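Participant: quick one, what's the 3D model for this:
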Amino acid sequence: MAETTTLGKALNHGLRRALENDPKVVIMGEDVGKLGGVFRITDALQKDFGDDRVIDTPLAEAGIVGTAVGLAIRGFRPVCEIQFDGFVFPAYNQIVSQVAKMHYRSRGKLRLPITIRIPFGGGIGAVEHHSESPEAYFAHTPGLKVVSCSNPADAYTMLQQAIASDDPVIFFEPKRRYWEKGEVDLDAPLDQAYPLHSAKVLRPGTDATLLAYGPMVRVALDAATAAAEDGRELEVIDLRSLSPIDYPVIFESVKRTGRAVIVHEAQGNGGLGAEIAARITENCFYSLEAPVLRVTGYDVPYPASRLEEEFLPDLDRVLDAVDRSFGW
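Facilitator: Coordinates of the predicted model:
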């Protein structure tokens, strides 16, 4: 059954389906139960599945993830909600020192099938610690899988795939897109879904490749639409998976178009765009017609809400990068 729904509601449907399909799935987090989460992603789940499976926790992110480690060792599949992106840092030691390393430390005897959901990015006019893009910290860490959805259909399937995975998955949700709508097939078999760690070409093109993920995918698509009015056909790729990154799809596209522009909301210095640009240069050098360019947030902390729009990459900045690419 297909229905038109918001990205946030699609995540709720995905969590509900995971709880129905596996009694070992438990949800943990601050206000995820009675309140249904600050963004209502877990709305009504505690009412329908009980407070032993949808658990309201203390305000202690290290405790949430540490408890999830114990539950996972005992055979459960915990889904942890970090209420806001900036709140993940108290749990950083647990994630990097325990969650990421347990499989290696045990010589493959233990797996930690933990999904850690993190609403990330700006665009909602929030206060300090409520708008961050910490994905590079986790993508840099061996032992973690890192993904980000950009639309309701992917949100629904990718979250279920992450929960079903035997690897720990950091699941980044673009909070500014929670209310955007799209069609979701609620009956689609999970084993036939698009692979979790595969990039997806959302708009074919021949003149340049735009690479984006999470909240910036919509900006990239809008830029491609605007560029088409000037006769330029931009190929838009939604990376979806940030670790591992689906480089074959990227390389095939860039070798055809000869140009690449990477767009992400996080700060540019040491960001994922730098790594992707390096890999493209190493593997597609003789196909490039211009240097690989990046459009990112600036190298400052996320600003206060009044200045947020000056920080976030927008349509004009992306189109300017495309123009510069053609100017070489």
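Participant: which ones are touching residue 2?
Facilitator: By Cβ atoms under 8 Å, 6 or more residues apart in numbering, the residues touching residue 2 are 183-186. Quick note: C-beta positions are derived from backbone N, CA and C, even for glycine.
Participant: list only buried entries from these.
Facilitator: residue 184 (16 or more other Cβ atoms under 10 Å).
Participant: and the two most separated of the contacts of residue 2?
Facilitator: 183 and 186 (10.2 Å; Cβ to Cβ).
Participant: take the contacts of residue 2 and keep only those in strands.
Facilitator: 183-185 (DSSP state E).
Participant: coming back round to it: out of the contacts of residue 2, which comes closest to residue 92?
Facilitator: Nearest to residue 92 among those, with distances taken as Cβ to Cβ, is residue 184, at 32.5 Å.
Participant: ok, what's across the strand from that closest one?
Facilitator: residue 3 (DSSP bridges).
Participant: was I right about it contacting residue 12?
Facilitator: No - applying Cβ atoms under 8 Å, one finds residue 184 not in contact with residue 12, separated by 10.9 Å.
Participant: which residue ranges of this structure form helices?
Facilitator: Listed in chain order, the helices of the chain (DSSP state H) span 7-21, 45-49, 61-73, 92-94, 102-105, 135-139, 152-164, 216-228, 247-257, 272-284, 308-311, 315-327.
Participant: just the mean pLDDT for the first one, thanks.
Facilitator: Think helix 7-21. Summarised as a single mean, pLDDT over helix 7-21 is 98.
Participant: what of stretch 140-160?
Facilitator: Rounded mean pLDDT across stretch 140-160 is 98.
Participant: quick one: buried residues of that stretch?
Facilitator: Buried residues in stretch 140-160 (16+ other Cβ under 10 Å): 141, 143-160.
Participant: other residues contacting the helix or strand bottoming out on mean pLDDT in the chain?
Facilitator: In the chain, the helix or strand scored least confidently by mean pLDDT, DSSP states H and E is helix 308-311, which has a mean of 90. With contact meaning Cβ under 8 Å, 6+ apart, helix 308-311 is reached by 122-123, 125, 131, 297-298, 300, 302-303.
Participant: just give me the neighbour total for the nearest residue to residue 290 once chain neighbours are set aside.
Facilitator: Excluding the flanking residues, the one nearest residue 290 by Cβ to Cβ, 6 or more residues apart in numbering is residue 328, at 3.8 Å. Residue 328 sits with 10 neighbouring residues when counted by other Cβ atoms under 10 Å.
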